[in-house]
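S.K.: Only the shape, not the letters, is given here:
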DNA sequence: GTTGATTTTGAATTTCATTTTCACTATAAT
DNA sequence: ATTATAGTGAAAATGAAATTCAAAATCAAC
């Protein structure tokens, strides 16, 4: 009986209104399927509709997070970044500290070991973050 | 011929001055051997010497990072946290999202797998961050 | 131990990403 | 269409972090 999770459905379920701005921001964000700082997404949004404001991009991104369609991350450069959630699977990041390139990866064995560690400390893990910082082959 | 890495030696090598304030801040920080937000360390410093300012705590913490005696971390609560570096070994964190408890752990097998992943993507990893978020047994 | 060039201090100010405000507009249920 | 409610965007506010600057402290050379 559960509906598909879409931004539109989320808004409706919460009694929030669907607006042209929200749709545009969400579309651009979700279809690009990569990491965005608010600034980056704002610039992209501006190109397709210059009348959409910074606040709206911010607010929409937060709604997407609430809806479970985006996650918020800090890579330590002072800017919060958002990324679309791929419903299938979790992933982690390799970050080049020179050029900023971000590569996603996934390793089931690492996740297993993580659960083992958490168990040893009597934690129930609900989320995790693994980031590897270094130099990509171009910057090396 | 390399000298021991101490804060005093670092300052001297860089032509910086050793001051009472720096010593106090560094001492309290290093000997406490736990995570601090700047605010937290500032409060502790205030108790032993109320005339030491916020900026000095900030600046000293940054110097400690430069000296390799502290690392800077973001746990996503909006405050930068600093922790003394234990020269022996790297460690990761288990964080309770209810009470804020932070447990350190280390798992060599995870580190090995990380290096494997990085290699596959032609990255040379210089640092990494692994954080497991969840509920500790008390908050569960 | 005094000097004096230079660095550090700390209160206050500034910065800057993010959040909030508020007058106005758009949405959607009736 | 009306109306109650929520959303918008420009501007202002917020708050953690960085910076400024006059006064104070440090330290190498005397």
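M.R.: Everything's here; your move. As the structure is a computational prediction, the values presented were derived from the model and not from experiment.
S.K.: what's the pLDDT at the nearest residue to residue A:48 once chain neighbours are set aside?
M.R.: Leaving aside its sequence neighbours, residue A:48 sits nearest to residue A:24 (C-beta to C-beta, 6 or more residues apart in numbering or on different chains; 6.3 Å). (C-beta placed from N, C-alpha, C; glycine too.) At residue A:24, the model reports a pLDDT of 95.
S.K.: which other helices and strands contact the helix or strand hosting residue A:24?
M.R.: Using DSSP states H and E, residue A:24 maps to helix A:20-32. Judged by 3 or more C-beta pairs under 8 Å, 6 or more residues apart in numbering or on different chains; DSSP states H and E, the packing partners of helix A:20-32 are helix A:7-13, helix A:38-48, helix A:54-66, strand A:80-84.
S.K.: Contacts for the next helix or strand after the shortest one next, please.
M.R.: Scanning the chain past strand A:80-84 towards its C-terminal end, the next helix or strand to appear is strand A:92-96 (assignment: DSSP H and E). Applying C-beta atoms under 8 Å, 6 or more residues apart in numbering or on different chains, the external contacts of strand A:92-96 come out as A:73, A:75, A:101-107, A:110, A:129-136, A:139, B:117-118, B:121, B:123, B:125.
S.K.: Next, the angle strand A:80-84 makes with strand A:92-96.
M.R.: 130 degrees (axes from the mean of the first three to the mean of the last three C-alpha atoms, to 10 degrees).
S.K.: circling back to that earlier point, out of the helices and strands packed on helix A:20-32, indicate the one that is most buried.
M.R.: Mean neighbour count (mean count of other C-beta atoms under 10 Å in any protein chain shown) peaks for strand A:80-84 among these, with a mean of 19.
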